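Engineer: Show me how the following folds:
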Amino acid sequence: MKWNLVFLLIFWGFGVQARTNVIDTVHVNAIDIVAPRLDHFSSTEKTIKVDSIALQSYDGKDLAGLLQKVALVNVSSNGSLGGLSTITIRGNSSTHTSVNWNGIPVNSLTTGSADLSLIGAGSFNNIRVVYGANASLYGSGTLGGAIELSNTPTWEDQSSIGLMNEIGSFSNYRTKLHGKYSNKWISYTAQAFFQYGENDFSYVDKYDFGSPTERLNNNQNRVYGTIHDLHIKLNKHYIDLGAWYQAKKKNIAGTMGIGEPKSNQQQRDSSLKIYLGWKTLLGKFRMEAKSAYLYDYLKYTSGFLSEISSERVLNDANIRYYLTRKLSVDVNAKYSWLKGKTNNYEKEENESRVTVAGKYSPDFGTFIFTFGKEWNTEINPPEMYSFSSLWHIVPHFLDVRAKASNHFRRPTFNERYWVPGGNINIKAEEGWNAEFGLALLSLETKYGQLNADLGLYQSKNKNAISWQPTGSYWSPLNTGQMISRGLELEINHMLRIGNDRLRTSIKYAYNDAYNNDKASGKYKQTLAYRPHHITKVLSDYISKNWNAGVIATFRSHTKNWQEQKVDGNFLLDVNGGYRFKTDFAKFKITGRIENILDKSYELVKYYPMPGRAFYLGVNVIF
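Structural biologist: Numbering: from 1, shown residues only. Below is the predicted model of the structure:
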């Protein structure tokens, strides 16, 4: 039955083509045809896009390592490259951040979060962070924000093949074979990559007697995979096909503490993601259908064996009606089949949801309303809604945005069924959030161009869920009401020096996320791993053939779930690149020094992070 639904939704839209002769035409820009639905209804949100310079400089990093440098997010990592890495936005949990590949959610079905160490920073040319993304639009679990990944098609006559290699400290190297071909009706990109690292760096163990310098062992990391994106344009019909396979083998090193680090732990991850989509504009209707299959597998060994796998079939159909060029109404329907399997449980669920959205874009602003309702065979979610607006107070100079919405997150399979520790009676998370922001779009001075963004937000989460130690094992607990409030400030400056550019960004975030349950013994206590202050300064000098940059990041101290302090850190990176071409190829040479001050620090208690590290990369494109 599930496969019948897959094929039905894939081909459903083609049957309406015969009716186009009786539908009036609305002149809609071509970008509205190909633009993803999530982009269309996120235009009032604060959004940042990672620029190409950062993508080239940190091509060999994972996604967590990249976003830790360039975005106002908080990263938690269990050690060096390849260690479990998650991301939190605006003081919320990692399970409140939706990670999407071409509009398809890739968060783990069993844990609820996405391990960003499994995602290469250089695997996508379009990486966006949507702050405070709406749950009514993105679905269960979205509260802090969303991360969107894609490779944007081009419709120009071009073709290339390239080879990228990067070598770095601690015996790390990465190689990637990539190519693309496109013309007016087809756009295809492909890549295959392999990465290996010993990650045997030295660190000062401040938790051992005398704070000795020790070296990690059993910390090897091996990753390989391939990603393909095919886009076909036939008149106003667009067909999209994507495939992403990846595998990782990671030895898990011992933690800091008394004695040398010892461990025999090992984890293997593999995943397969494929999707097929179709979209078109027929008169006043923009129509889209998409189906995807996702498979994830994890094998953990440490004297015992633990295996976790999940399968998902996701189906999505969408109709948008343009009453005018400025007013559109959208109806989206989803159906998902979900299956989780581990050593101690095997469960299946069916889930469906309908979302209705409207967007009005007069000359003085943009106004978006969304309403969503989900149905699940095990849990009954509430209705979800949002209203967001963007007012052009002074056109092309000052914008004001405001938003209010609610959210919902169903407990994951592991939170309900894991043995030992799972809680079949655990309650779903519910709550609301609101935001107000000011955006200075462009201020021209004799000292350059300036723009800025200031945002204030607050969210309330009822029945917040967190895994905490309960005796000899960890268990998911409803920790009561949680409040997260704060502000974000970003100031960007660009100065033109002849044909060159000097870009500088200053980013600051203050957050206060705390337990708001008056009946709890932890009332008003700051939640674990939520720093109050994050500051990032990025500066790049960009010339025609070369660039040089510096990135400084600061994170204030945090505490773990046992109220033990995790010191803050100040990190400094420098990076550079040089580009030239010959008669037979283009060359891009990149280099960077991470943690140039060689600071010892942790993001997660007892897991050391690397000191000073050097990287050199060469990308040859034929």
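
Engineer: so where do the helices sit in the stretch 401-550 of the chain?
Structural biologist: 413-417 (DSSP state H, counting those that start in this stretch).

Engineer: same thing with the chain?
Structural biologist: Taking DSSP state H as the test, the helices found in the chain are 2-11, 30-34, 37-40, 52-57, 63-70, 135-138, 413-417.

Engineer: Give the other helices and strands that the fourth one contacts.
Structural biologist: Helix 52-57 is packed against helix 63-70, strand 546-555, strand 569-581, strand 586-594, with contacts defined by 3 or more Cβ pairs under 8 Å, 6 or more residues apart in numbering; DSSP states H and E. The C-beta positions use only the backbone N, C-alpha and C, and glycine is treated the same way.

Engineer: same question, the fifth one
Structural biologist: Counting contacts by 3+ Cβ pairs under 8 Å, 6+ apart, helix 63-70 packs against helix 52-57, strand 74-77, strand 85-88, strand 126-131, strand 145-150, strand 533-542, strand 546-555.

Engineer: To Asn499, which of the helices and strands packed on helix 52-57 lies closest?
Structural biologist: strand 546-555 (12.3 Å; Cβ to Cβ).

Engineer: Could you list the buried residues of the closest one?
Structural biologist: 547, 549-555 (16 or more other Cβ atoms under 10 Å).

Engineer: again, but for stretch 187-203
Structural biologist: By 16+ other Cβ under 10 Å, the buried positions in stretch 187-203 come out as 187-191, 193, 195-201, 203.

Engineer: Just give me how far it sits from the chain centre.
Structural biologist: Between the centre of stretch 187-203 and the centre of its chain there are 19 Å (Cα atoms, centre = their mean, to the nearest Å).

Engineer: For the stretch 301-450 of the chain, which segments count as strands?
Structural biologist: Taking DSSP state E, counting those that start in this stretch as the criterion, the stretch 301-450 of the chain carries its strands at 305-322, 327-342, 346-360, 365-376, 384-394, 398-409, 429-445, 448-462.

Engineer: residues in contact with Gly591?
Structural biologist: Gly591 makes contact with 575-577, 614-617, according to Cβ atoms under 8 Å, 6 or more residues apart in numbering.

Engineer: so where's the stretch 501-622 of the chain shaky on pLDDT?
Structural biologist: The stretch 501-622 of the chain contains no residues with pLDDT under 70.

Engineer: Kindly recompute the last result at 90.
Structural biologist: 517-524, 561-563 (pLDDT under 90).

Engineer: coming back round to it: tell me which of the strands of the stretch 301-450 of the chain approaches Gly486 most closely.
Structural biologist: Of all these, strand 448-462 comes closest under Cβ to Cβ, at 6.4 Å.

Engineer: What are the buried residues along the closest one?
Structural biologist: Under the neighbour-count criterion of 16+ other Cβ under 10 Å, strand 448-462 has 448, 450-451, 453-455, 457-462 buried.

Engineer: looking at the protein, which helix or strand does the model trust least?
Structural biologist: helix 2-11 (a mean of 37; mean pLDDT, DSSP states H and E).

Engineer: what sits up against stretch 299-308?
Structural biologist: Here stretch 299-308 makes contact (Cβ under 8 Å, 6+ apart) with 110, 252, 263-268, 297-298, 340-343, 414.

Engineer: before we move on, the earlier item: among the contacts of Gly591, which one sits closest to Gly83?
Structural biologist: For the contacts of Gly591, the nearest to Gly83 is Tyr615 (17.6 Å; Cβ to Cβ).

Engineer: So what would you say the end-to-end distance of stretch 461-470 is?
Structural biologist: Distance across stretch 461-470, first residue to last, is 23 Å (Cα to Cα, to the nearest Å).

Engineer: On the strand side of things, show who Asn433 bridges to.
Structural biologist: Asn433 has these beta-bridge partners by DSSP bridges: Ser405, Ser459.

Engineer: ugh, typo on my part, it should be Lys250
Structural biologist: On the basis of DSSP bridges, Lys250 is bridged to Asn221, Gln267.

Engineer: quick one: contacts for it?
Structural biologist: 82-83, 220-222, 266-269.

Engineer: From Lys61, how far off is it?
Structural biologist: 16 Å (Cβ to Cβ, to the nearest Å).

Engineer: same question, Ser140
Structural biologist: Distance, Ser140 to Lys61, by Cβ to Cβ: 29 Å.

Engineer: Equivalent analysis for Lys522, please.
Structural biologist: Distance, Lys522 to Lys61, using Cβ to Cβ: 35 Å.

Engineer: Can you pick out the residue with more neighbours from those two?
Structural biologist: Lys61 (25 against 13; other Cβ atoms under 10 Å).

Engineer: mind listing what that one touches?
Structural biologist: With contact set as Cβ under 8 Å, 6+ apart, Lys61 has these partners: 81, 120-122.

Engineer: How about Phe408, nearest residue that isn't a chain neighbour?
Structural biologist: Pro381 (4.9 Å; Cβ to Cβ, 6 or more residues apart in numbering).

Engineer: next one: phi and psi at the one you found?
Structural biologist: Main-chain torsions, Pro381, degrees, to the nearest 10: phi -70, psi 150.

Engineer: What is the burial count for it?
Structural biologist: Counted with other Cβ under 10 Å, Pro381 comes out at 20.

Engineer: Show the contacting residues for it.
Structural biologist: 140, 373-375, 408, 410, 428.

Engineer: Any quick ChimeraX command for the buried ones out of the residues you listed?
Structural biologist: Per 16+ other Cβ under 10 Å, the buried members of the contacts of Pro381 correspond to this ChimeraX selection:
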select :140,374,408,410,428
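
Engineer: what's near enough to touch Phe170?
Structural biologist: 80, 197-201, 610, 613.

Engineer: Without its sequence neighbours, what residue ends up closest to the residue nearest the centre of the chain?
Structural biologist: With distances taken as Cα atoms, centre = their mean, the residue of the chain nearest its centroid is Ile147 (3.0 Å). Excluding the flanking residues, the one nearest Ile147 by Cβ to Cβ, 6+ apart is Val99, at 4.8 Å.

Engineer: Just give me the neighbour total for that neighbour.
Structural biologist: Other residues within reach of Val99, judged by other Cβ under 10 Å, total 22.

Engineer: That one reaches Asn107, doesn't it?
Structural biologist: Yes - counting by Cβ atoms under 8 Å, Asn107 is a contact partner of Val99 at 5.7 Å.

Engineer: Would you mind grabbing the residues shared as contacts by the two?
Structural biologist: Joint contacts of Val99 and Asn107 (Cβ under 8 Å, 6+ apart) are Ala114.

Engineer: Okay then, goodbye and thanks.
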